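1. I'll drop the sequence and a predicted model, then ask my questions.
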Amino acid sequence: MRIGILGSGLMGGKLGTIFARAGHEVVFSYSKSEQKLKKLARDAGPNARAGTPRDAAEGADALLLAVHWLRMDDVLKQAGDVAGRVIVSCSMPMNADDTDLVVSGTSSGAEQLAKRLPNTRIVSAFNTVPSEVLFGVYAARRRTAKPSLLFCGDDARAKQIAARLISDVGFEPLDIGPLRMARYTEPFTMIIAHLAYEGARGPEMAYRFEWYKE
Ligand SMILES: NC(=O)c1ccc[n+]([C@@H]2O[C@H](COP(=O)([O-])OP(=O)(O)OC[C@H]3O[C@@H](n4cnc5c(N)ncnc54)[C@H](OP(=O)(O)O)[C@@H]3O)[C@@H](O)[C@H]2O)c1
């Protein structure tokens, strides 16, 4: 698939690199440094290149949206027409100092995004893992029991694409239903972040759900 990365920081940089190494065609975009985008693309290998958000959006089978909530207007404006696109968003509706959610309870960041971009197909995914585990999960993808990764969305085809990307990274995709389930996954990520960055054991954690049957 052709994947456009909108936001090439901790999440976008790592996921884009993994997608490219897994065989997808990747365009890294949206950083304050063009040099950084070029280096990311070089390090990710022959399937990756650097571009503008507009380049990333053009002809993409899926867009990974990985920016701070406050950068949403700007990156979407730069991406231009995204009508019809599958957008996999790991972006969380955080306040400026990343201490709390600015949308929660009866809505979620993912639903706000869908309202704002009604002609796109949004899937919420990858926001329930610290970026620090991504390369490790990818490296271990054939060796260990896979950690789960929750995703949700309203469009079946978009969810198939997201599930494929989630598997390519090395997770077991766990479909938790419609996009409104993001109301529950987004606060859940606050627990993960707390464990990862305030807890004693650090960010090298990846959860696993198991079916239990006697
Ligand atoms: N990090 C995690 O573990 C994690 C986990 C779950 C969810 N999330 C969510 O995922 C989203 C992305 O997080 P992240 O940690 O990847 O953030 P990040 O490292 O700060 O990456 C954001 C990207 O946006 C770019 N950017 C910011 N301001 C810009 C500007 N004025 N012009 C152009 N580019 C600009 C940054 O540029 P530079 O490259 O120049 O920095 C960077 O490439 C957030 O919504 C976050 O809440 C993150």
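-> Everything's here; your move. Numbers count the residues shown, from 1 in each chain.
2. next, the buried residues of stretch 59-72.
-> A60, A62, L63, L64, L65, A66, V67, H68, W69, R71, M72 (16 or more other Cβ atoms under 10 Å). Just so you know, the C-beta spots here come from the backbone N, C-alpha and C atoms, and that holds for glycine as well.
3. apart from its neighbours in sequence, what residue is nearest the first one?
-> Here the nearest residue to A60 in space, its sequence neighbours aside, is G4; by Cβ to Cβ, 6 or more residues apart in numbering that works out to 3.9 Å.
4. specify the beta-bridge partners of that neighbour.
-> When assigned by DSSP bridges, G4 has beta-bridge partners V27, L63.
5. next, count neighbours for it.
-> 29 (other Cβ atoms under 10 Å).
6. isn't it right up against A57?
-> Yes. Counting by Cβ atoms under 8 Å, A57 is a contact partner of G4 at 5.3 Å.
7. ok, back up a step: next one, pLDDT for the residue nearest to A60 please.
-> With respect to pLDDT, G4 scores 99.
8. next up, the contacts around it.
-> Applying Cβ atoms under 8 Å, 6 or more residues apart in numbering to G4 gives the contacts 26-27, 29, 53, 55-58, 60, 62-64, 79.
9. cool, R208 as well?
-> By Cβ under 8 Å, 6+ apart, the neighbours of R208 are A145, K146, P147, S148, E172.
10. nearest residue to A56 in space, please, no chain neighbours.
-> G4 (3.1 Å).
11. so how far is the ligand from the one you found?
-> Counting by Cβ to the nearest ligand atom, to the nearest Å, the separation of G4 from the ligand is 14 Å.
12. likewise D98?
-> Using Cβ to the nearest ligand atom, we find D98 at a distance of 7 Å from the ligand.
13. and for A66?
-> Taking Cβ to the nearest ligand atom, one finds A66 at 4 Å from the ligand.
14. for this protein, what spans make up the strands?
-> Using DSSP state E, the strands of the chain run over residues 2-6, 25-29, 48-50, 62-65, 86-89, 121-124, 148-153, 172-175.
15. list the buried residues for the longest helix belonging to the chain?
-> Looking across the chain with DSSP state H, the single longest helix is helix 182-198. Neighbour-count burial for helix 182-198, counted by 16+ other Cβ under 10 Å, picks out A182, R183, T185, E186, T189, I192, A193, L195, A196.
16. cool, thanks, signing off.
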